[in-house]
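Chemist: after the sequence you'll find the predicted model.
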Amino acid sequence: MHWRSVITCAAVLLAAGCGRSGMGAGGTEKAAAASVPGGSPEIRLIADVPRGEWRMPAGDPAGLRYSTLDTINTSNVANLHVVTTFSTGVPHGHEGQPLVFDNTMYVVTPFPNNLIAVDLTKTGGAVKWIYEPHPDPRSVGIACCDVVNRGATFADGKIIYNLLDAHTVAVDARTGQEVWRTTVGNINLGETMTGAPLAIGDKVIVGNSGAELGVRGYVAALDVKTGRELWRAFNTGPDADVKIGPRFHPFYEKDRGQDLGTASWRGEQWKLGGSTVWGWLSYDPETNLFFYGTGNPGVWNPDLRPGDNKWSCAIIARDADSGEARWAFQATAHDAWDYDEIMENILVDMPFAGRPRKLLIHPGRTGFVYVMDRESGELLSAETYEPVNWASRYDLKTGTPFENADKRTHFGTVTEGICPSSTGAKDVTPSAFSPRTGLLYIPAHNTCMNYEGIEANYIAGTPYLGADVKMFPGPGGYQGELVAWDVARAQKVWGAKEPVLPVYSGVLATGGDLVFYGTMDGWFKALDARTGAELWKFHTASGIVGNPITYLGPDGKQYLAIYSGIGGWMGAVAFPELSADDPYAALGVVGAMKDIKKYTAPGSTVYVFGF
Amino acid sequence: MSSGSEHLRLSRAVCSLIAGGCFAVSACGAIGQDQPAVSAVAALETSTVQTPVGPVPGPAQPAPEPHNPYRGRRGAMAEGREMFVRFNCSGCHGGRAGGGMGPSLRDVDWIYGRTDLQVFSSIAEGRAHGMPAWGARLTEDQVWKLVTYVESLRTPEEPDAP
């Protein structure tokens, strides 16, 4: 049955033309390949993975961050060396990743969000053009977690990305001319945009940031040709706003009911309800659904917002044409810890617990790896990948966690030693999945915290928190780990530990059986994807918080690219303007990161590696 | 303490230094027929711009500005700390002002100047990268107490120290 649907799907994609993401990657494939060379025969891909280009944030719409390229592999990666470096000119957190296609590399910088097009046919990072959008500098002061940008997507001849001041821009990929610029959010309400869009057919899906300022979260669809907003689906509020209708079928009782996006809040708190969308979007072309997770509920202090606070900290499936919600799963109701669930949702078909399933794999901020059936929204498994004590496990029948009441936070109380911290067992930096090994490679943290609920006053455009938080490394003598997680068996198989700093970069898995990631003290590393052995590393000029990509150069050879530029929520402690003697600063991360200035300073370099 | 605007003007010595040179528009002769009626008073004496952040041009620096009337007063430090939390300053500048969305106020680097009046102005006027203009919402008294808290950081008197 699977193969028939693949052929049907391929025919549909061919008929639909080459506009769809997933088409044309590498230039030679015409149909979505259901597998990769050497892939496990039981694992089936739902969209083509990169075979030489990188056209969207995760490389493919299903979010695997896997490339089939294998000329750089376990036998020769020790010979990898720097081929080119160039500066973006902005010494702030370089989250996100470049795009590469048509022998051009496209880099979006942190604020001011310039777009740099680099000619890969020339040596030395030759710039073709730079597009400078000049976003409003007032947005800098309302970005919670450094002025990062998580990248662009390519669609309909345009490079499309979000600006910090809550606009979306589309730039002609050949000429660097702005084609459209759409106002999406309002910075006077504390809204910013830091996430990467996802193009789906004739639409671009974008989301907003700002849950720390009581912003109300949403996803919106813009017309890829004109930028005109087609629809907006909020994540709090009445069903009509949330686009919940007759086709909405949450799997669990706890997520069913009318207007839960208001009813699960007191009064009108849902209008300040957070639940923003600043992380990753993924898409299933076979069902035309897209998936994303929502951020924390507005106001950190839970006692100030009684109720389940839907639809914060939830994974939501929506129809890509209309935005209608199809199912939702709230991972933590009435969040008390800032456990945003905006992490990646990796879509792959493979056996789980003995039978073939259509999976959605989501390594959560909470410390649990959530494995779900993406058709029904059923939670198949939730197991921990780092030390966790806010809950012991999930009841898969009800989809609810067994919480540890001692680790709930409250107004006027200091709750001590909560694991993981608000930054989570991982934050937004994305994992990778290899269809060859069946392993999920998770950039993980081991950080815990003390959390006191304090007063909070809503003043539009300022933080709406009510929490005094101090973080510190968790137990075991390490604070970072690259975890290899066996998806089918729901367990960790190995981990590469970092003693002092969390692993706060994205991950790339390749057909050469390599896993690439970066460390906050600047090492770019290659591990054996099966054993975890460290096969190669190189020390870049600044800490790495971006996501590696790989591609074929004009010479037909394989290259890797990674940003080197510390920053982001935890990395910003490396900046001179943050003081290490206030452990409560930067929403508590200084406590965990107080030594980072010894390990790295700000940077702004794009590195390309090859042979 | 008096809250008259005299506190916010430059001393006489500075005014004459500026006005005596060719700085005032009208003193430099006609620029054009449509020249608007611009005041000959030094710009820093007008109501729109009152606090020098950069150095005053000329060899002599101005006499000391008005100081924080609450300087060193523990009660004001405590009130300032309470407001620092209540008005969400701690959300941007960090739980004990060590930085975050906004810069640390604990360290010795002052982007817009470290004198009492310069710190007052940064709070009251706001700044280009998103520091709100709190002077539109708070009284002068409240702002001076916030200044008092900020100036207590990293001293033995700092209330609620980390």
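Modeler: Yep, it's here.

Chemist: only C-alpha atoms from now on, for both contacts and neighbour counts.
Modeler: Noted.

Chemist: got the contact list for residue A:537?
Modeler: By Cα atoms under 8 Å, 6 or more residues apart in numbering or on different chains, the contact set of residue A:537 is A:523-526.

Chemist: after the helix or strand of chain A with the lowest mean pLDDT comes which helix or strand?
Modeler: Ranked by mean pLDDT, DSSP states H and E, the helix or strand of chain A with the weakest confidence is helix A:2-16, at a mean of 44. Toward the C-terminal end, the helix or strand that comes next after helix A:2-16 (DSSP states H and E) is strand A:66-67.

Chemist: and that following strand, which strands flank it?
Modeler: Strand A:66-67 has its sheet partners listed here by DSSP bridges as strand A:507-510 (parallel).

Chemist: quick one: residues in contact with the partner strand.
Modeler: Contacts of strand A:507-510 (Cα under 8 Å, 6+ apart): A:65-70, A:429-434, A:441-443, A:515-518, A:529, A:547-549.

Chemist: buried ones in it, by neighbour count?
Modeler: A:507-510 (16 or more other Cα atoms under 10 Å in any protein chain shown).

Chemist: need the residues of chain A near chain B, please.
Modeler: By Cα under 8 Å from any Cα of the partner chain, the residues of chain A that approach chain B are A:137-146, A:455-457, A:459, A:462-465, A:468-469, A:572, A:577-588.

Chemist: which element is residue A:241 on?
Modeler: Residue A:241 belongs to helix A:239-242, assigned by DSSP H and E.

Chemist: elements contacting that helix?
Modeler: On a contact count with 3 or more Cα pairs under 8 Å, 6 or more residues apart in numbering or on different chains; DSSP states H and E, helix A:239-242 meets strand A:229-234, helix A:260-263.

Chemist: could you list the paired strands of the helix or strand just after the shortest one along with their orientation?
Modeler: Spelled out, it's helix A:260-263. Sequence-wise, the next helix or strand downstream of helix A:260-263 (DSSP H and E) is strand A:282-284. The sheet places strand A:282-284 alongside strand A:289-293 (antiparallel), with pairing taken from DSSP bridges.

Chemist: top of the contacts of residue A:537 by number of neighbours, please.
Modeler: residue A:526 (26 neighbours; other Cα atoms under 10 Å in any protein chain shown).

Chemist: next, count neighbours for the closest residue to that residue other than its chain neighbours.
Modeler: The shortest distance from residue A:526 to any non-neighbouring residue, by Cα to Cα, 6 or more residues apart in numbering or on different chains, is to residue A:516 (4.6 Å). Look at residue A:516: counted by other Cα under 10 Å, it has 28 neighbours.

Chemist: and what of the one 3 residues further on?
Modeler: Residue A:519 sits with 28 neighbouring residues when counted by other Cα under 10 Å.

Chemist: can you pull the pLDDT of it?
Modeler: Predicted confidence (pLDDT) at residue A:519: the value is 98.

Chemist: for residue A:418, same thing?
Modeler: pLDDT at residue A:418 comes out at 98.

Chemist: same check on residue A:559?
Modeler: 98.

Chemist: and it, how far from residue A:382?
Modeler: 36 Å (Cα to Cα, to the nearest Å).

Chemist: check contacts around residue A:164.
Modeler: With contact set as Cα under 8 Å, 6+ apart, residue A:164 has these partners: A:111-113, A:135, A:139-140, A:143, A:147-149, A:192-194.

Chemist: could you redo the last one with a cut-off of 10 Å?
Modeler: Counting by Cα atoms under 10 Å, 6 or more residues apart in numbering or on different chains, residue A:164 touches A:110-113, A:134-140, A:142-143, A:147-149, A:185, A:187, A:191-195, A:208-209.

Chemist: before we move on, the earlier item: is the residue nearest to residue A:526 in a bridge, and if so with what?
Modeler: With DSSP bridges as the rule, residue A:516 is bridged to residue A:508, residue A:526.

Chemist: ok, residue A:289 next?
Modeler: Applying DSSP bridges, one finds that residue A:289 bridges with residue A:284, residue A:319.

Chemist: quick check, it in contact with residue A:205.
Modeler: No - counting by Cα atoms under 10 Å, residue A:289 does not reach residue A:205; the two are 11.9 Å apart.

Chemist: anything in contact with each of these two?
Modeler: With Cα under 10 Å, 6+ apart as the test, residue A:289 and residue A:205 both reach A:320, A:323.

Chemist: before we move on, back to that, mind giving me the ChimeraX command for buried ones among the contacts of residue A:164?
Modeler: Burial among the contacts of residue A:164 is assessed by 16+ other Cα under 10 Å; the matching ChimeraX selection reads:
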select /A:110,111,112,113,135,136,137,138,139,140,142,143,147,148,149,185,187,191,192,193,194,195,208,209
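
Chemist: quick one: distance of stretch A:106-116 to the chain centre.
Modeler: 18 Å (Cα atoms, centre = their mean, to the nearest Å).

Chemist: now it: mean pLDDT?
Modeler: On average, stretch A:106-116 scores 98.

Chemist: gap between the two ends of that stretch?
Modeler: Per Cα to Cα, the first residue of stretch A:106-116 is 6 Å away from its last.

Chemist: repeat for stretch A:493-509
Modeler: End to end - Cα to Cα - stretch A:493-509 spans 16 Å.

Chemist: in that stretch, what counts as buried?
Modeler: So, applying 16+ other Cα under 10 Å, buried residues of stretch A:493-509: A:494-498, A:500-509.

Chemist: any weak-confidence spans in chain B?
Modeler: Along chain B, the parts satisfying pLDDT under 70 run over B:1-50, B:63-64.

Chemist: filter the contacts of strand A:507-510 to the buried ones?
Modeler: A:65-69, A:429-434, A:441-443, A:515-518, A:529, A:547-549.

Chemist: now the end-to-end length of stretch A:559-576.
Modeler: With Cα to Cα, one end of stretch A:559-576 sits 33 Å from the other.

Chemist: go on, stretch A:520-537?
Modeler: Termini of stretch A:520-537 sit 13 Å apart (Cα to Cα).

Chemist: same thing with stretch A:531-551?
Modeler: Start-to-end span of stretch A:531-551 (Cα to Cα) is 24 Å.

Chemist: so residue A:573 belongs to a helix, correct?
Modeler: Yes - judged by DSSP: H, G, I helix; E, B strand; the rest coil, residue A:573 forms part of a helix.
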